[in-house]
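Colleague: Requesting a structural model of the entry that follows:
(3 chains, ligands or ions: 2)
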Amino acid sequence: MTSRLVEIWVGVFVAAGLAALFMLAMKVSNLSALDDDTGYEIQARFEDISGLKVRSPVTMAGVRIGRVKDIRFDKQTFEAIVTMRIAESYDTLPKDTSARI
Amino acid sequence: MANQDQQQPLVEIRNLSFSHGSRKIFDGVDIDIHAGGVTAIMGPSGTGKTTLLRLIGGQLRPQTGTILVDGEDVTRIRRGRLYQLRKRMGMLFQNGALLTDMSVFDNVAYPLREHTRLPESMVRDLVLMKLEAVGLRGARDLLPSQLSGGMARRVALARAIALDPMMILYDEPFTGQDPISMGVLVRLIRLLNDSIGLTSIVVSHDIAETAAIADYIYLLSGGKVVAQGTSAELERSDSAWAQQFLQGLADGPVPFHYPARDYAEDLLTPSSVAAAARG
Amino acid sequence: MDWLQALGRRGLGVFERLGRASVLLFNIIGGLHTLVPRPALVTYQVFSVGVLSLVIIVVSGLFVGMVLGLQGYNTLVDFGAEESLGVVVALSLVRELGPVVTALLFAGRAGSALTAEIGLMKATEQLSAMEMMAVDPVRRVLAPRFLAGFVSMPLLAAIFSAVGVTGGYFVGVGLLGVDEGAYWSQMQDRVDLYDDIMNGVVKSLVFGAVATWIAVFEGYDAVPTSEGVSRATTRTVVQTALAVLALDFILTALMFGEY
Ligand SMILES: Nc1ncnc2c1ncn2[C@@H]1O[C@H](COP(=O)(O)OP(=O)(O)O)[C@@H](O)[C@H]1O
Ligand SMILES: [Mg+2]
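Modeller: Numbers count the residues shown, from 1 in each chain, chains lettered A, B, ... in the order given. Ligands and ions are numbered 1, 2, ... in the order given. Next up is the predicted model:
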């Protein structure tokens, strides 16, 4: 096996591995569905977030429109402050929208 | 360097004791190796000849004693210094120990490529020179698996001298050789020693061949040096062991009397168990 | 009393080996920087560890994915939830089967070969010869192999999972008539890049390090005889399998457990 052939094969292997990772990210998972850098953030306060976690989906009428970005606790009000990032395409949420868990 | 003084030996072993686990291999051994000569270390299988070479090369650490190599004590030396020192030692392993995944050429080039920044054209010239010295320039493209035992050992010899070391350690260079390659090796060791001013340590239990090229001989048995001297001095020695040794040597060159066979059996009897265990 | 003593001796032996293996790992990692000027050493090892494992990984991945498709469908269809087949196939592969099965196959295909190769190099005094040539075999022989295993494992696992998802697709959509759109979109909806894919990659990085560590240690520590090398090879496969399964449990508990 010449070293050139070895190098070509290793190149093919690494490319295949990276392509597989790329496919897992784009086609299997939801990376393509929402890019974290776009869209805008809104905050909501809850008395109890029960099972909510960072990166949980945010849905409206059952359609996912964004993800939970951050969860904090407000010492003054004893409430949870949930920051959500909403996709750009859903920029027409009414001002008085309320959130539910 | 320390060997500017002619009297100062290149390798000076003092009060060396070494055990493999509970098995005592050396017990208070003193050995001097003088620069520029061929020193033979002889003894039956399993006396620890290979172990002694590994101790000199710093691969094993003794329990007590010092081993000065060119003025540096390899038993206490720091790792970096030891590696520097090893670049100036060549070791010929019992079976050659060539790297099996590369050709003869690459094997000989290996130390050059590892330790020098020579351009490839010069590496090539040097490798061909060393291979020429052992008569295997034509075998450069073979793989180690395609070599006979004797050829492999000669390639290993070319590799051992690739960096022009000050000293070469030969571990049983004659064992298992056919008469022709044996003769070739004997001449080669002497020739290399004299032509490029090496210091050679030959470990062996082949009496005739070793005595033919050795300037000074140490006989090891039971973890101690039992006799030492030039072959002439050993002849005058009153050590029974040495006498036996020399009788064997005297009869060695006469092949059809088979006197060496008796002698070899004598030599091998006390440690036949160890020899069998070593396969 | 005798069995107690035997137990104690074994226990001490295990700790002693673990200690030596840790020192070796430490030395290997400390020697990795010496590979920077010699990338060819690593390339060659990625070839023998990674490229030569490709066939078994692709074929196994395909079959595991197809079996998941069949089994998942048969279970889900009872609940009328066969549209979720993609989720079942993808999550099983990405979280568990990809990293774990790849590591087990790696132990059999590449780990055993590494142990045998290094053990034989030791038995034929090649490692000693290197040392005497002032070349550190830990850096020249072990470090490139360790790095190659560490790098190859996540790539192999990703290939395994990707091929498996495709195999599930062939069976689910192609043979059993699950809706193609549902297969992919449900999958995308429920599989998370960080929680699932990245955690799977982290698992296979850990498995890659551990599997290669075991393989090179067993080879380097082998009794330098044919029998010793053969025992070491067996130990590599057995120990890697046990270590991977145990670590998988621990990692899964850490990653996916409720905290
Ligand atoms: N790793 C080891 N562990 C225990 N004993 C050993 C080891 N290596 C060698 N020995 C023992 O040390 C003795 C000397 O070995 P060695 O130096 O190879 O002998 P020689 O080269 O003179 O035939 C032998 O009896 C051998 O059994
Ligand atoms: Mg020996």
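Colleague: Using CSV, write out every CA atom in the helix ranked longest in chain B.
Modeller: Longest helix of chain B, by residue count under DSSP state H: helix B:179-195. Taking C-alpha atoms only, helix B:179-195 is exported to CSV below (Å, rounded to 0.1, in the frame of the first residue of the first chain):
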residue,chain,number,x,y,z
PRO,B,179,29.1,-21.6,8.8
ILE,B,180,29.3,-19.1,6.0
SER,B,181,27.3,-16.3,7.6
MET,B,182,29.1,-17.1,10.8
GLY,B,183,32.5,-16.4,9.2
VAL,B,184,31.1,-13.3,7.5
LEU,B,185,29.9,-12.0,10.8
VAL,B,186,33.1,-12.7,12.6
ARG,B,187,35.1,-10.9,10.1
LEU,B,188,32.6,-8.1,9.9
ILE,B,189,32.7,-7.4,13.6
ARG,B,190,36.4,-7.3,13.7
LEU,B,191,36.6,-5.2,10.6
LEU,B,192,34.1,-2.6,11.8
ASN,B,193,35.8,-2.4,15.1
ASP,B,194,39.2,-1.7,13.5
SER,B,195,38.2,0.4,10.5
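Colleague: Just the pLDDT for residue 31.
Modeller: Here I'm looking at chain A. Per-residue confidence (pLDDT) for residue A:31: 66.
Colleague: sorry, should have said chain C
Modeller: 88.
Colleague: Not counting sequence-adjacent ones, nearest residue to it?
Modeller: Leaving aside its chain neighbours, residue C:31 sits nearest to residue C:139 (3.7 Å; criterion: CB to CB, 6 or more residues apart in numbering or on different chains). From N, CA and C alone the C-beta is placed, and that goes for glycine too.
Colleague: Tell me the helices and strands packed up against the helix or strand hosting residue C:10.
Modeller: Using DSSP states H and E, residue C:10 maps to helix C:2-31. Applying 3 or more CB pairs under 8 Å, 6 or more residues apart in numbering or on different chains; DSSP states H and E, we find helix C:2-31 packed against helix C:143-169, helix C:199-221.
Colleague: which element follows the last one toward the C-terminus?
Modeller: Past helix C:199-221, further along toward the C-terminus, the next helix or strand under DSSP H and E is helix C:226-256.
Colleague: any idea of the mean pLDDT in that following helix?
Modeller: Here the average pLDDT along helix C:226-256 is 93.
Colleague: Counting by contacts, list what it packs against.
Modeller: For helix C:226-256, the packing partners by 3+ CB pairs under 8 Å, 6+ apart come out as helix C:98-106, helix C:112-123, helix C:199-221.
Colleague: what would the ones you listed look like in TSV with distance to chain A, mean pLDDT and mean neighbour count?
Modeller: Shown next, in TSV, are the helices and strands packed on helix C:226-256 (distance: least, CB to the nearest CB, whole Å; pLDDT from 0 to 100; neighbours: other CB atoms under 10 Å in any protein chain shown):
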stretch	distance to chain A	mean pLDDT	mean neighbour count
helix C:98-106	9	96	26
helix C:112-123	15	95	23
helix C:199-221	7	95	24
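Colleague: Now tabulate those helices in JSON lines and tack on distance to ligand 1.
Modeller: As requested, the helices and strands packed on helix C:226-256 are exported to JSON lines (distance: least, CB to the nearest ligand atom, whole Å):
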{"stretch": "helix C:98-106", "distance to ligand 1": "31"}
{"stretch": "helix C:112-123", "distance to ligand 1": "11"}
{"stretch": "helix C:199-221", "distance to ligand 1": "13"}
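Colleague: one step back: how about the helix holding residue C:10: buried residues?
Modeller: C:21, C:24, C:25, C:28, C:31 (16 or more other CB atoms under 10 Å in any protein chain shown).
Colleague: can you tell me which of these lies nearest to residue B:215?
Modeller: Nearest to residue B:215 among the buried residues of helix C:2-31 is residue C:31, at 41.0 Å by CB to CB.
Colleague: so how far is chain B from residue C:6?
Modeller: For residue C:6, the distance to chain B equals 20 Å [CB to the nearest CB, to the nearest Å].
Colleague: and that residue, what does it touch?
Modeller: Contact analysis of residue C:6 by CB atoms under 8 Å, 6 or more residues apart in numbering or on different chains lists nothing.
Colleague: got it, and residue B:114?
Modeller: Counting by CB under 8 Å, 6+ apart, residue B:114 has contacts C:133, C:134, C:135.
Colleague: rerun at 6 Å
Modeller: Residues near residue B:114 by CB atoms under 6 Å, 6 or more residues apart in numbering or on different chains: residue C:135.
Colleague: Quick check: the gap between it and residue C:37.
Modeller: Distance of residue B:114 to residue C:37, given as CB to CB, to the nearest Å: 12 Å.
Colleague: for residue B:14, same thing?
Modeller: 41 Å.
Colleague: try residue C:220
Modeller: Taking CB to CB, one finds residue C:220 at 23 Å from residue C:37.
Colleague: same question, residue C:143
Modeller: 13 Å.
Colleague: The two: which is more packed in?
Modeller: Taking neighbours as other CB atoms under 10 Å in any protein chain shown, residue C:143 and residue C:37 compare with residue C:143 leading, 26 against 8.
Colleague: shouldn't the more buried one be in contact with residue C:28?
Modeller: Yes: assessed by CB atoms under 6 Å, residue C:143 is found in contact with residue C:28 at 5.1 Å.
Colleague: re the thing from before, now the longest helix of chain B, how far from the centre of its chain.
Modeller: 13 Å (CA atoms, centre = their mean, to the nearest Å).
Colleague: Contact residues of chain B facing ligand 1?
Modeller: B:20-21, B:23, B:25, B:45-51, B:274, B:278 (CB under 6 Å from any ligand atom).
Colleague: mind listing which of those residues are in strands?
Modeller: Counting by DSSP state E, the part of the residues of chain B next to ligand 1 found in strands is B:20, B:23, B:25.
Colleague: Next, count neighbours for the closest residue to chain A within chain B.
Modeller: The minimum distance from chain B to chain A, using CB to the nearest CB, falls at residue B:101 (10.7 Å). Counted with other CB under 10 Å, the neighbours of residue B:101 add up to 13.
Colleague: Next: residue C:256.
Modeller: 12.
Colleague: and if you look at residue B:193?
Modeller: Neighbours around residue B:193, by other CB under 10 Å: 19.
Colleague: what sits against it?
Modeller: B:38, B:200.
Colleague: measure it to residue B:37 for me?
Modeller: Relative to residue B:37, residue B:193 is positioned 8 Å away (CB to CB).
Colleague: Which stretches in chain B count as helices?
Modeller: Using DSSP H, helices in chain B cover B:49-56, B:79-86, B:104-115, B:120-133, B:149-160, B:179-195, B:207-213, B:231-236, B:240-251, B:259-268, B:272-278.
Colleague: Of the ones you listed, flag the one that's most buried.
Modeller: By mean neighbour count, with neighbours taken as mean count of other CB atoms under 10 Å in any protein chain shown, helix B:149-160 ranks first of the helices of chain B at a mean of 24.
Colleague: Which elements pack onto it?
Modeller: Helix B:149-160 sits against strand B:89-92, helix B:104-115, with contacts defined as 3 or more CB pairs under 6 Å, 6 or more residues apart in numbering or on different chains; DSSP states H and E.
Colleague: any chance of those in JSON lines, plus mean pLDDT?
Modeller: Below are the helices and strands packed on helix B:149-160 laid out as JSON lines (pLDDT from 0 to 100):
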{"stretch": "strand B:89-92", "mean pLDDT": "90"}
{"stretch": "helix B:104-115", "mean pLDDT": "92"}
